[in-house]
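**Student:** no sequence on this one, just coordinates:
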């Protein structure tokens, strides 16, 4: 994972083939990263189940996330944010490719 | 301090008289907040000297911050971010009023 020090939006170099993860800061059990998505989604039937908490904020584009314990998916626009409790199962149903979806993720908890 | 659950940008209700601080999440020694500034700056000669680390990201508007150990101030545009080490003295030289400057701050460290 490379680091990003420049502007989080201007320095994004989207790759249509794969999501990109850039570390911004890791300190005292907290890790801040930028994720650049270009249409990727979680595989069908796949659910993330993370041992740590994650707060995500969409900075650009659109995305749709779904929690296993909610009937409806949540559509995210820039400025929308979601707190994902440890072990709360979730998936990414959709991300925009044009413009790319740029996420800020703050991982909270030991071992992140 | 009130909480904000809605879109961080759309739900901002700028107050020309005072900066506004809204808590988004507090967990495991981490506190995420939104700050909405409308032209405020640190008083002349005032320097913040914080015992904890703070990572800030500008989401909207413009701002200028200065570190005591740097000759030049840093101009921030949306997407620009700054890591402020504990006890690194700094001040806010300027914030935009139109549009308001919207900051995301991640406070990292015990007691935040």
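**Tutor:** Done, it's in. These numbers were taken from a predicted model, which means no experiment stands behind them.
**Student:** how about the residues of chain A by chain B?
**Tutor:** Neighbours of chain B within chain A, by C-beta under 8 Å from any C-beta of the partner chain: A:7-10, A:24-25, A:27-30, A:32, A:53, A:55, A:57, A:59, A:77-81, A:83, A:104, A:106, A:108-109. Backbone N, C-alpha and C define where each C-beta goes, glycine included.
**Student:** among those, which ones are in strands?
**Tutor:** Among the residues of chain A next to chain B, the ones falling in strands (DSSP state E) are A:24-25, A:27, A:30, A:32, A:53, A:55, A:57, A:59, A:81, A:83, A:104, A:106, A:108.
**Student:** okay, now the unreliable bits of chain A?
**Tutor:** A:1-4, A:110-112 (pLDDT under 70).
**Student:** tell me, what residue is most central in chain A?
**Tutor:** Nearest residue to the geometric centre of chain A (C-alpha atoms, centre = their mean): residue A:103, 4.9 Å.
**Student:** tell me how many other residues surround the nearest residue to it once chain neighbours are set aside.
**Tutor:** Leaving aside its sequence neighbours, residue A:103 sits nearest to residue A:35 (C-beta to C-beta, 6 or more residues apart in numbering or on different chains; 4.2 Å). By other C-beta atoms under 10 Å in any protein chain shown, the residues close to residue A:35 number 22.
**Student:** which SS class is residue A:35?
**Tutor:** With DSSP: H, G, I helix; E, B strand; the rest coil as the basis, residue A:35 sits in strand.
**Student:** quick check, it in contact with residue A:23.
**Tutor:** No. The pair residue A:35 / residue A:23 is not scored as a contact, 10.7 Å apart, by C-beta atoms under 8 Å.
**Student:** thinking again about what came up before, so what sits opposite the residue nearest to residue A:103 in the bridge?
**Tutor:** As for beta bridges, residue A:35 partners with residue A:21, residue A:103 under DSSP bridges.
**Student:** who are the contact partners of it?
**Tutor:** Counting by C-beta atoms under 8 Å, 6 or more residues apart in numbering or on different chains, residue A:35 makes contact with A:19, A:20, A:21, A:22, A:102, A:103, A:105.
**Student:** from residue A:78, how far off is residue A:68?
**Tutor:** Using C-beta to C-beta, to the nearest Å, we find residue A:68 at a distance of 25 Å from residue A:78.
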